[in-house]
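Q: Have a look at this prediction, sequence included:
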Amino acid sequence: MTQGYNYSSDDCISLIMATVNNISASTDADKADIFDRYFDSLYSDKKVTVAPQVSLSTTIDTIDITAAYVCNVMSKLDPSKAIGLDGIGPQILKSCAVALCGPLQQLFNVSTSLSLEWRTHCITPVFKSGNKTSVRNYRSISFLSSTSKVLERIIYDKIIDHIYQLLSDSQFGFIPGRCMLYQLLTFLNVLFVNHDHNLKSD
């Protein structure tokens with residue numbers, strides 16, 4: 001037979017306070033302070049993790065562009081995209097990737113910046129909804145050069161690969177293979193391991 005008893009919320013708080021170094025509290029502020037100190041004592045590691053300092057050794061000195069990589073990027077172009085001001089559409093670059101990857105690779109490695117032509121875009125308005133006579137109901141779309149898209153994708157991939165090596169193992173989200181679901185599963189695994197070994201989990 002199980003013996004039980006009734007108690008109020010004040011009695012419950014008094015019992016909890018009695019277990020914390022035999023210190024009792026009467027006001028809400030004092031109770032909150034005691035709870036704060038108690039919960040803080042439960043954590044085994046109080047050190048705050050800060051972002052690592054980036055040294056000069058983590059900078060990118062050069063970006064080596066190979067013909068094979070240029071060909072790979074060109075083969076993934078979307079042929080349905082519009083043609084830029086240079087008149088070279090993505091369908092041409094994609095179809096002729098094997099023949100053009102060599103010359104473009106040499107051009108990319110020699111050039112240190114995007115040319116003015118590649119940075120000049122054709123902008124067209126696209127209607128959203130509402131009154132067609134109001135310019136507020138349109139959004140702008142830029143027709144980019146397909147060749148500049150290839151170079152931008154190569155530089156983007158190189159920078160992203162470099163940054164991923166600098167990120168902490170605790171970084172999740174917006175990273176391939178490290179989504180928020182993976183973070184939750186990783187944390188859940190830590191809880192299970194700690195539980196199996198009778199360890200505390202912060």
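A: Structure's in. What do you need? Numbering: from 1, shown residues only.
Q: so T58 makes contact with I163?
A: No: counting by C-beta atoms under 8 Å, T58 does not reach I163; the two are 9.5 Å apart. Glycine gets a C-beta too; all of them are placed from N, C-alpha and C.
Q: burial measure for G84, as a count.
A: For G84, the neighbour count with other C-beta atoms under 10 Å is 22.
Q: just the one 3 residues further on next, same as before
A: By the criterion of other C-beta under 10 Å, G87 has 9 neighbours.
Q: Pretty sure it sits in a helix.
A: No: counting by DSSP: H, G, I helix; E, B strand; the rest coil, G87 is not part of a helix but coil.
Q: and it, what are its phi and psi?
A: Phi and psi for G87, reported as degrees, to the nearest 10, are phi 80, psi 0.
Q: Which residues are in contact with it?
A: If you count contacts by C-beta atoms under 8 Å, 6 or more residues apart in numbering, G87 has none.
Q: A99 versus that one, what's the distance?
A: 18 Å (C-beta to C-beta, to the nearest Å).
Q: what kind of secondary structure is the closest residue to N137 other than its chain neighbours in?
A: Distances taken as C-beta to C-beta, 6 or more residues apart in numbering place G130 nearest to N137, at 4.2 Å, with adjacent residues excluded. Three-state call for G130 (three-state DSSP): coil.
Q: For G130, grab the count of nearby residues.
A: By the criterion of other C-beta under 10 Å, G130 has 10 neighbours.
Q: Next one: it from R139, what distance?
A: Taking C-beta to C-beta, one finds G130 at 12 Å from R139.
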